[in-house]
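> Return a 3D structure for these sequence lines:
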Amino acid sequence: MQRVPSLRGWHLADVEVLFGVVAAAFGLTVTFAGGVKYLGRLIDDGNLDTLLIQPKPVLVHALGMRSQPSGLGDLLSGVLLIALSGQVSWRAVPIVAGAVIAGALVFIACGIMFFSLAFWIGKADTLAQQLWDLLITFAVYPEPLFGGMLRLLLFTALPAGFVGYVPARVVRAPSAANVALLAAGAVVYIAAAVRMFEHGLRRYASGSRFSTFG
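A predicted model of the protein is given here:
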């Protein structure tokens, strides 16, 4: 960055914000909804049976039954990167927190949709993991690098835009339009993910499991 200080208008501080937002959102996701990455295995192995007999909502229970402590490291490193960028004051902490939470909700929604493919294609873990990794990869690249159909894809089917770009915009330069766009994106993707899971659950074939989770 010393030799090339600007990349299509993005500077080191901008990249720090982007990396920080994505890392913090990822950390929140795997810490509080780490079960999302095991959803495909639960479906394919028939282990959802043990959740169906619980009084808790199936999806919420599945997401919360696993946690990755390493996510706390991602969360803290993300917060540190945002702080080191020099673009955020203490007065903007609520905005930063909201942007990170919204990014995490989109992360969770994408995980639900990717790993719920197991309802239709059986062993979907490999495909779902590849889609998950692509989402993270594209989310940490500066937004101006993408255009045309690829940019459309990154705001729809593989919404890296709502994981990284839009939250980073909100953190760097808060505006009502960007906040509304981010909030709408998070709501739409969560609603779509829940609907997809519920639709898959209606066609779920029992694995005849008799054990229960505490």
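
> With adjacent residues omitted, what lies nearest to residue 138?
Leaving aside its chain neighbours, residue 138 sits nearest to residue 160 (3.9 Å; criterion: CB to CB, 6 or more residues apart in numbering). To be clear about C-beta, it is placed using only N, CA and C from the backbone, and glycine gets the same treatment.

> And the one you found, how close does it get to residue 201?
Residue 160 sits 27 Å away from residue 201, going by CB to CB, to the nearest Å.

> now residue 87
On the measure of CB to CB, residue 87 and residue 201 end up 43 Å apart.

> quick one: which of those two has more around it?
Taking other CB atoms under 10 Å, residue 87 and residue 201 do not tie; residue 87 has more neighbours (19 against 15).

> which SS class is the more buried one?
coil (DSSP: H, G, I helix; E, B strand; the rest coil).

> show me where the chain has helices.
12-32, 39-45, 49-52, 58-64, 70-84, 93-115, 118-121, 125-139, 148-153, 160, 166-172, 176-202 (DSSP state H).

> between those, which gets the lowest average pLDDT?
Across these, helix 49-52 has the smallest mean pLDDT, namely a mean of 86.

> As CSV, the helices of the chain with distance to residue 3 would be great.
Formatted as CSV, the helices of the chain follow (distance: least, CB to CB, whole Å):
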stretch, distance to residue 3
helix 12-32, 12
helix 39-45, 43
helix 49-52, 54
helix 58-64, 44
helix 70-84, 21
helix 93-115, 30
helix 118-121, 46
helix 125-139, 24
helix 148-153, 27
helix 160, 27
helix 166-172, 23
helix 176-202, 31
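
> Point to the residue nearest the middle of the protein.
The centre of the chain sits closest to residue 107, judged by CA atoms, centre = their mean, with a distance of 0.9 Å.

> how about the nearest residue to it, chain neighbours excluded?
residue 29 (4.3 Å).

> Surely that neighbour is in contact with residue 108?
Yes. Contact criterion CB atoms under 8 Å: residue 29 and residue 108 qualify, at 5.5 Å.
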